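In: the following block contains a protein sequence and its predicted model.
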Amino acid sequence: MRDLAVETTGLTKRFGRVQAVTDVDLRVAEGDRFGFLGPNGSGKTTTVRMLLGLVLPTSGRVRVLGGRVPQDAARVLPQVGAMVEGPAAIGHLSGRANLRLLDAAVPTPGGRRTRRRRVEEALEALGLAQVGRRPVRAYSLGMRQRLGIASALVRRPRLLVLDEPTNGLDPQGIALVTDLLLDLSAQGTTLLVSSHLLSEVEHLCTRVGVMDRGRLVVQDHVDALRAPTGRLLVTLAGAAHDDGGRSGEAGAALAGQLLGRRLLEPPAGHRLVVADCGDVVGDLVRGGLAVREAVVERRTLTDVVLSRTTAVGEGMGA
Ligand SMILES: Nc1ncnc2c1ncn2[C@@H]1O[C@H](COP(=O)(O)OP(=O)(O)OP(=O)(O)O)[C@@H](O)[C@H]1O
Ligand SMILES: [Mg+2]
């Protein structure tokens, strides 16, 4: 078993009468790319803030990179890069000056030249090299967000915690950040990323945790969650032209005869939903039908999140 980068035990936070986080046991192993999901108000940001010592738990324990938070925060937090609830920066300074200040705030190996190079590389990686001189107050929303991510990774942290990093980014920015995070992960950085963009999370993450009304209701490998549904989606040849037409009907009728009760839904043109058992494609082909495509249906992360969580406003006591 790999070491845990993040481990919480019974983590709980109440703000007055609001129960924000309840009894959360979060486990993020070193090297994970962990996606932290859940509806608005489900407790993601509050949990992340407790990991970083920004909010004290009402009860429960937090360990980050082998140290306790907040007790050992001074030792472990310099190895953590984070952006929580949007980027923070000093408006009248340039993006570059902001990064230099941040980089200098904690003693790290390397002389002045190494530090400058690190800052330039972070600006470059986020596509900010051209606007690095402008004061941050003149940045667009997406530029600020990019600067926030640059700030989190400039010191080459062992653990990178990003709360909704792709908020406000354009599609190019989202792709750039995703690739950058994959790159950092390949170099050994552990990632904990909260997001509502489930297709991005599906692409980026190896494990996910799903919050619902303050509780961690799912914590598993993405591959395990995306298990086959037991259904096969078959497209018969010829579908491109006469969907639902005469030959479509004839093909569907023949498919119905060949598959019997394995056909799960009335055929829509050339598209069949079939129980994934036996040699479905072989039976269709031997019966005289040409098969263009047969895909094993899998649950998406969206299915998982929607089926395990409650919409905002539904059943929320406060
Ligand atoms: N400082 C605070 N004082 C009072 N209540 C708070 C505070 N911070 C958070 N809460 C409440 O705690 C609950 C969880 O909020 P949190 O910000 O952790 O949710 P989230 O999962 O990050 O949501 P989102 O997806 O909208 O960012 C909400 O009901 C919120 O109103
Ligand atoms: Mg949040």
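Out: Arrived safely. Ligands and ions are numbered 1, 2, ... in the order given.
In: switch to C-alpha atoms for all contacts and neighbour counts from now on
Out: Noted.
In: now the one helix or strand Asn98 maps to: mean pLDDT?
Out: Here Asn98 sits within helix 95-104, counting by DSSP states H and E. Helix 95-104 shows a mean pLDDT of 91.
In: with stretch 207-220 instead?
Out: Stretch 207-220 comes out at a mean pLDDT of 97.
In: run the contact check for it versus ligand 1.
Out: No: on the criterion C-alpha under 6 Å from any ligand atom, stretch 207-220 is out of touch with ligand 1, staying 6.8 Å away.
In: pull out the buried positions in that stretch.
Out: Using 16 or more other C-alpha atoms under 10 Å as the test for burial, stretch 207-220 gives Arg207, Val208, Gly209, Val210, Met211, Asp212, Arg213, Gly214, Arg215, Leu216, Val218, Gln219.
In: the residues you listed in strands, which ones?
Out: For the buried residues of stretch 207-220, the ones inside strands are Arg207, Val208, Gly209, Val210, Met211, Asp212, Arg215, Leu216, Val218, Gln219, with DSSP state E as the criterion.
In: report the contact partners of the residue of the stretch 151-300 of the chain found nearest ligand 1.
Out: The nearest approach of the stretch 151-300 of the chain to ligand 1 comes at Gly214, 6.8 Å away (C-alpha to the nearest ligand atom). If you count contacts by C-alpha atoms under 8 Å, 6 or more residues apart in numbering, Gly214 has them with Gln19, Ala20, Val21, Thr22, Ser42, Gly43, Lys44.
In: try it again at 10 Å.
Out: Contacts for Gly214 (C-alpha atoms under 10 Å, 6 or more residues apart in numbering) come out as 12-14, 18-24, 38, 41-44, 46-47.
In: and ligand 1, which of these reach it?
Out: Contacts with ligand 1 within those, counted by C-alpha under 6 Å from any ligand atom: Ala20, Gly41, Ser42, Gly43, Lys44, Thr46.
In: so which of those is the closest to Ala275?
Out: Among the ones next to ligand 1 among the contacts of Gly214, Ser42 lies closest to Ala275 (C-alpha to C-alpha), at 36.1 Å.
In: which element is the closest one on?
Out: Using DSSP H and E, Ser42 sits within no helix or strand.
In: which residue sits closest to it, ignoring its sequence neighbours?
Out: Nearest non-adjacent residue to Ser42, counting by C-alpha to C-alpha, 6 or more residues apart in numbering: Arg213, 4.5 Å away.
In: ok, the one you found - contacts?
Out: 19-22, 38-44, 309-312, 315-317.
In: out of those, which are buried?
Out: For the contacts of Arg213, buried by 16+ other C-alpha under 10 Å: 19-22, 38-44, 309-310.
In: so the most centrally placed residue in the chain: helix, strand or coil?
Out: The residue lying closest to the centre of the chain (C-alpha atoms, centre = their mean) is Val201, at 3.1 Å. Of the three states, Val201 takes helix under DSSP: H, G, I helix; E, B strand; the rest coil.
In: ok, it touching Leu301?
Out: Yes: using C-alpha atoms under 10 Å, Val201 is in contact with Leu301, at 8.3 Å.
In: just to revisit the earlier point, let's see which of the buried ones among the contacts of Arg213 end up in strands.
Out: Counting by DSSP E, the part of the buried ones among the contacts of Arg213 found in strands is Gln19, Ala20, Val21, Thr22.
In: can I assume the third one is in contact with Val55?
Out: The one in question is Val21. No: using C-alpha under 10 Å, Val21 is not in contact with Val55; the gap is 11.9 Å.
In: any shared contact partners between these two?
Out: Here Val21 and Val55 have Lys13, Thr46, Thr47 as joint contacts, going by C-alpha under 10 Å, 6+ apart.
In: give me the secondary structure label for the second one.
Out: Three-state secondary structure (criterion: three-state DSSP) places Thr46 in helix.
In: just so I have it, where are all the strands in the stretch 201-318 of the chain?
Out: Along the stretch 201-318 of the chain, the segments classed as strands by DSSP state E, counting those that start in this stretch run 207-212, 215-221, 228-236, 271-275, 291-298.
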